[in-house]
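A.B. asks: Predicted model and sequence below, questions to follow.
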Amino acid sequence: MSVNRILVLILLALALLACTGRSNAVFRDEFLAMGTLVSVSLYGVDEARVPGISRQIRDDFNYMDGAWHPWKAGPLGRVNELLPLQGRFSLPPSLKPVLLQARELSRQSEGLFNPAIGGLIKLWGFHRDEPPTGPPPPAAAIAELVAQKPSMDDLHIEGFGIRSDNPAVLLDFGGFAKGYAIDRVIERLKSLGIENVIVNAGGDLRAVGSKGDQPWRIGVRHPRAGGVLASLEIHGDESVFTSGDYERFYEYQGRRYHHIIDPRTGYPARDFVSVTVIHGSAAVADAASTALFVAGKRDWRRIAARMGVEQVMLVDDQGEIILTPAMAERVHFEVEPRPSLRVERLP
């Protein structure tokens, strides 16, 4: 091949690179939404496109935050005002797909992921931006709500009409909204041709692609000591979500009360201090981490199997770590001494 031909090919390659404008840098943006810090990392994107993409992501999160807030003026807030009246009313179109997926995931979890217990969340005071300070709600008030058994199956959706035959149903998507929102944002980014991205909302995330020739590497928070308990590499397109008793809690008379409420008892679930789930869908990972936390040591394996979740790490109330075989193959612990581990297979 002649020198001139080689020069022409080099110039063509440089021209193509200039046209694509793709950068090997990682572009990051951070903002507050859904009560947490949202971080977006983009790789291999034309730098000129970054401000517009960041603006679109912010707009999407802010819209969903307003639409799905259960206690403020907005579509879900209006639904919660009307549900106790038990009459049929119009369901805002933006809420229907959220409700349908939440109801299906609730059924798969045998009701352990239950967005219909907004009344219990409110009774405990976890509906506010700042956690309560105690004491716990009166036992009689908790028992009264539990006895009414609010469930997603109490919702009857016909077209864009909705009603509930249980006046105790109030909707709170706190165990699901971040995952659903991240899925929607990722799908939009894919439609824009973005192939390598992490969308992280308060430590819960979905990662797509890679960082050049390096995979995205993420950490799982230590539930007690602070810092990182374990790390893992993301392969392709995966979501990693953790439910922990350290996220929203208060202590009263030496006892910790956190926001992950067991719908069967009306009290915070006790067997685990954190549960991490990996799944292709952020919404499923979000709901499943909540459901397994509530399921406890006796039932978590059955619920994981029902929800189609194979990669799970649980830290119990004694500090022992339980792993499914699929999770044990890929997680790397970042603490010394190495924690006590146990691998348990799903049914």
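C.D. replies: Structure's in. What do you need?
A.B. asks: Which residue lies closest in space to Phe89, excluding its sequence neighbours?
C.D. replies: If you skip the residues right next to it in sequence, Phe89 has Leu82 as its closest partner in space, 4.9 Å away by Cβ to Cβ, 6 or more residues apart in numbering. No exception for glycine: its C-beta is placed from N, CA and C like everyone else's.
A.B. asks: Pull the number of nearby residues for that neighbour.
C.D. replies: Leu82 has 16 neighbours, counted by other Cβ atoms under 10 Å.
A.B. asks: That one and Arg88 touch, don't they?
C.D. replies: No - using Cβ atoms under 8 Å, Leu82 is not in contact with Arg88; the gap is 9.4 Å.
A.B. asks: then the helix or strand the residue nearest to Phe89 falls within to CSV, C-alphas only?
C.D. replies: According to DSSP states H and E, Leu82 maps onto helix 75-82. Presented in CSV, the C-alpha positions along helix 75-82 are these (Å, rounded to 0.1, in the frame of the first residue of the first chain):
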residue,chain,number,x,y,z
PRO,A,75,-51.8,13.1,40.0
LEU,A,76,-51.0,10.5,42.8
GLY,A,77,-51.9,12.9,45.5
ARG,A,78,-55.3,13.4,43.9
VAL,A,79,-55.8,9.7,43.6
ASN,A,80,-55.1,9.3,47.3
GLU,A,81,-57.7,11.9,48.1
LEU,A,82,-60.4,10.1,46.1
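A.B. asks: moving C-terminal of that helix, what's the next helix or strand?
C.D. replies: Using DSSP H and E, the helix or strand that follows helix 75-82 towards the C-terminus is strand 89-90.
A.B. asks: Who are the packing partners of that next one?
C.D. replies: strand 161-164 (3 or more Cβ pairs under 8 Å, 6 or more residues apart in numbering; DSSP states H and E).
A.B. asks: Now the strand it packs on: buried residues?
C.D. replies: Using 16 or more other Cβ atoms under 10 Å as the test for burial, strand 161-164 gives Ile162, Arg163, Ser164.
A.B. asks: Which of the residues you listed sits closest to Arg107?
C.D. replies: In terms of Cβ to Cβ, no member of the buried residues of strand 161-164 lies closer to Arg107 than Ser164, at 16.2 Å.
A.B. asks: bridging residues for that closest one?
C.D. replies: Leu155 (DSSP bridges).
A.B. asks: residues in contact with it?
C.D. replies: Leu83, Pro84, Gln86, Asp154, Leu155, His156 (Cβ atoms under 8 Å, 6 or more residues apart in numbering).
A.B. asks: what about burial for these, which qualify?
C.D. replies: Listed as buried from these are Leu83, Asp154, Leu155; burial here means 16+ other Cβ under 10 Å.
A.B. asks: Surely the second one touches Asn114?
C.D. replies: No - under the criterion of Cβ under 8 Å, Asp154 makes no contact with Asn114, lying 10.6 Å away.
A.B. asks: Could you export the contacts of Ser164 as CSV, including distance to Met307 and pLDDT?
C.D. replies: Converted to CSV, the contacts of Ser164 look like this (distance: Cβ to Cβ, whole Å; pLDDT from 0 to 100):
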residue, distance to Met307, pLDDT
Leu83, 26, 97
Pro84, 30, 95
Gln86, 30, 94
Asp154, 21, 98
Leu155, 20, 97
His156, 24, 96
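A.B. asks: and the residues you listed as TSV, adding distance to Leu100?
C.D. replies: Supplementary listing: the contacts of Ser164 in TSV, determined by distance: Cβ to Cβ, whole Å:
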residue	distance to Leu100
Leu83	16
Pro84	21
Gln86	21
Asp154	15
Leu155	10
His156	12
